[in-house]
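# dropping a prediction and its sequence here:
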Amino acid sequence: MSLDESEQKIDVREGIVHSSIPEAELARLSDDVIAALKTVYDPEIPADIFELGLVYKIDIEDDRMVKIVMTLTAPGCPVAGEMPGWVENAVGAVEGVSGVEVAMTFDPPWTPDRMSEEAQVAVGWY
């Protein structure tokens, strides 16, 4: 059976994210973005937002725009209006990042089981 040129070829790699950023640079950017997120603390909990599990998703686009989806420990958190700015400032200072977009979500809601062992130790739960 010959493959007709007009037939669409199935890419078995569908769903794999491809980036124009070289692999080594993408790894460095990822590490640096996470390190920057670890400098942002919830003022009511002695742990950073990354270890608390408040960061749900980090996307680094080909143009080096970083898109972050995150939540808060509670919708009524007193720093709800300020936290996205803190995250934008921290991640925006990472070398090579062209910009930062922070989207807040409460779906799914944050629960303490999202915390890393490091965060659990920091709050005395481990």
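That came in fine, so what should we check first? Numbering: from 1, shown residues only.

# verify the stated contact: Ser116 with Glu51.
Yes. Shown here, Ser116 and Glu51 form a contact pair, counting by CB atoms under 8 Å, at 4.5 Å. (C-beta placed from N, C-alpha, C; glycine too.)

# neighbour count: these two, which is higher?
Glu51 (21 against 15; other CB atoms under 10 Å).

# doesn't the more buried one lie inside a strand?
No. Counting by DSSP: H, G, I helix; E, B strand; the rest coil, Glu51 is not part of a strand but helix.

# for it, give me its contacts.
Contacts for Glu51 were tallied using CB atoms under 8 Å, 6 or more residues apart in numbering; they are 38, 115-116, 118-119, 122.

# now the lengthiest helix in the chain - C-alpha only, CSV.
Identified as the longest helix of the chain according to DSSP state H is helix 23-37. Output in CSV follows, covering the C-alpha atoms of helix 23-37 (Å, rounded to 0.1, in the frame of the first residue of the first chain):
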residue,chain,number,x,y,z
GLU,A,23,17.5,21.8,25.5
ALA,A,24,20.3,23.0,27.8
GLU,A,25,18.9,26.6,27.9
LEU,A,26,15.4,25.4,28.5
ALA,A,27,16.7,23.3,31.5
ARG,A,28,18.5,26.3,32.9
LEU,A,29,15.5,28.6,32.4
SER,A,30,13.3,26.0,34.1
ASP,A,31,15.6,25.7,37.1
ASP,A,32,16.0,29.4,37.4
VAL,A,33,12.2,30.0,37.2
ILE,A,34,11.7,27.4,40.0
ALA,A,35,14.4,29.0,42.0
ALA,A,36,12.7,32.4,41.6
LEU,A,37,9.4,31.0,42.7
